[in-house]
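>>> what follows is a protein structure lacking sequence information:
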């Protein structure tokens, strides 16, 4: 099948995007013909757009026409500009309602004692401070060697280590972020049990992480009290033996798909990310949300310029105001460091067809589909609402995904155009490529090739359904490519705020 020369991203759009170089006179949708040569990645009008009217892509206004644009005209910096005043919202359309079959679907997961649903059955070894990271790694390594072979039902022992926990204020945003993150991992549903290990004299004391239940006092200790590093490893193995005996024989059961919580990530993006992989993931999100599941959109610094469009989908004004507050905080935060969120597309972006910051941000927001925005959360805050929600995180992928997992994500879906390698244990990470060349070059790391949208072999809706199916299969135990390689022990990166003292 020959590749189509253009893609219409949404029925509401008044432009198409060239997937190949277009010659003057080439046929386009709506019985339109190209007025001039246009490079791949650039936009062409398929309807008349008068000066001052919005140019619509992704079913959203990406800027305002600065001159009359005829069908077939190239749409770019010469006739399109971003207005500093947010444009009126173009109708987005309504996502398809979930079918009875989608609502009735299940995945094979683990039902925990508190009623929550897990997609994996790991045991965590969590460091309270950087000083205990080496011991935690040694504990997990020994447990995987000596205990894991005897328990088929355990996916592995995972060290959760980091570079914080001391040399910081005991109050303020930095400590609050770290505490929420570690507490989120300690209670994460994909951990059947957790051992926390501290040094003993750090700011981030183990007493901040109370555990309930019989024998809870055995589930954390300090190296200084245990008598040193080697004795700590042996002490830990005894505790982990007890945890393994408790959870090692658990078996998967059928659980409603509404209990899947997916964290949405994109990294190493390219010119096709917002055209193929991101909207395809958004289509999967719409199916999941309509079926009662949850998707967490994040990366606040990378929705800047498109936040008002996401705001328009808020279910109430309280949710919208929380999103406004995040944007205001970020503007103040980066200004304090002499930076700005309002970054126009770079010359390279523009050569690739991007014209405005809004267009660039919409490519990232496309991961959230068209579902209503039901809630806004702080970094690493526990997610309780269903449907599409937003969590405040930086754009840096490991930090962002760490917050999502701390908030309860039991699966991660990660799009990439350049080839980001990533895992996020205890949550499995699905990798989606925006172009076929990347998929072929790094097939051992990538799970789905969304470049087939650009080649005409699949539609956004069709790939969305395939991604939705893979999310269910992954939640049911199918290992992702990143899991098969062993990613996930080194990607725990809590957001570091505040001074190092």
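It's in. These numbers come from a predicted model, not from an experiment.
>>> tell me the secondary structure at the closest residue to residue 407 other than its chain neighbours.
In space, and not counting its chain neighbours, residue 407 is closest to residue 383: 4.5 Å by Cβ to Cβ, 6 or more residues apart in numbering. Just so you know, the C-beta spots here come from the backbone N, C-alpha and C atoms, and that holds for glycine as well. Using DSSP: H, G, I helix; E, B strand; the rest coil as the criterion, the local structure at residue 383 reads coil.
>>> contact partners for residue 383?
By Cβ atoms under 8 Å, 6 or more residues apart in numbering, the contact set of residue 383 is 261, 294, 296, 375, 377, 389, 391, 407-409.
>>> show the pLDDT at it.
Looking at residue 383, its pLDDT stands at 98.
>>> can you tell me how far it is from residue 300?
Counting by Cβ to Cβ, to the nearest Å, the gap between residue 383 and residue 300 amounts to 16 Å.
>>> before we move on, what about residue 332?
To residue 300, residue 332 is 13 Å away according to Cβ to Cβ.
>>> the more surrounded of these two?
Comparing residue 332 with residue 300 by other Cβ atoms under 10 Å, the one with more neighbours is residue 300, at 24 against 9.
>>> return the distance of the longest strand seen in the chain from the chain's centre.
Residue-count comparison of every strand in the chain, with assignments taken from DSSP state E, identifies strand 191-198 as the longest. Chain-centre distance of strand 191-198: 25 Å, with Cα atoms, centre = their mean, to the nearest Å.
>>> what pairs with whichever helix or strand comes after that strand, and is each one parallel or antiparallel?
Next helix or strand after strand 191-198 toward the C-terminus (DSSP states H and E): strand 220-222. Strands that pair with strand 220-222, judged by DSSP bridges, come out as strand 191-198 (parallel).
>>> average pLDDT across stretch 364-380?
Predicted confidence along stretch 364-380 averages 95 (mean pLDDT).
>>> in it, what counts as buried?
364-371, 373-380 (16 or more other Cβ atoms under 10 Å).
>>> same check on stretch 431-449?
431-436, 438-439, 442, 445-449.
>>> narrow the residues you listed to those in helices?
Among these, the ones falling in helices (DSSP state H) are 436, 438-439.
>>> let me have the residues you listed in TSV, adding distance to residue 318 as columns.
As requested, these are exported to TSV (distance: Cβ to Cβ, whole Å):
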residue	distance to residue 318
436	43
438	41
439	42
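>>> let's have the residues you listed in a markdown table, adding distance to residue 51 and pLDDT.
Output for those, formatted as a markdown table (distance: Cβ to Cβ, whole Å; pLDDT from 0 to 100):
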| residue | distance to residue 51 | pLDDT |
| --- | --- | --- |
| 436 | 38 | 91 |
| 438 | 39 | 91 |
| 439 | 41 | 95 |
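>>> and residue 412, how many neighbours?
Residues near residue 412, counting by other Cβ under 10 Å, number 29.
>>> can you name every helix or strand that the host helix or strand of it contacts?
For residue 412, the host element (DSSP H and E) is strand 411-416. Contact here means 3 or more Cβ pairs under 8 Å, 6 or more residues apart in numbering; DSSP states H and E; on that basis strand 411-416 packs against strand 261-266, helix 277-290, helix 397-406, strand 429-433, helix 460-475.
>>> mean pLDDT and distance to residue 337 for the ones you listed - can I get that in CSV?
Written out in CSV, the entries for these read as follows (pLDDT from 0 to 100; distance: least, Cβ to Cβ, whole Å):
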stretch, mean pLDDT, distance to residue 337
strand 261-266, 96, 24
helix 277-290, 95, 28
helix 397-406, 96, 16
strand 429-433, 97, 30
helix 460-475, 96, 37
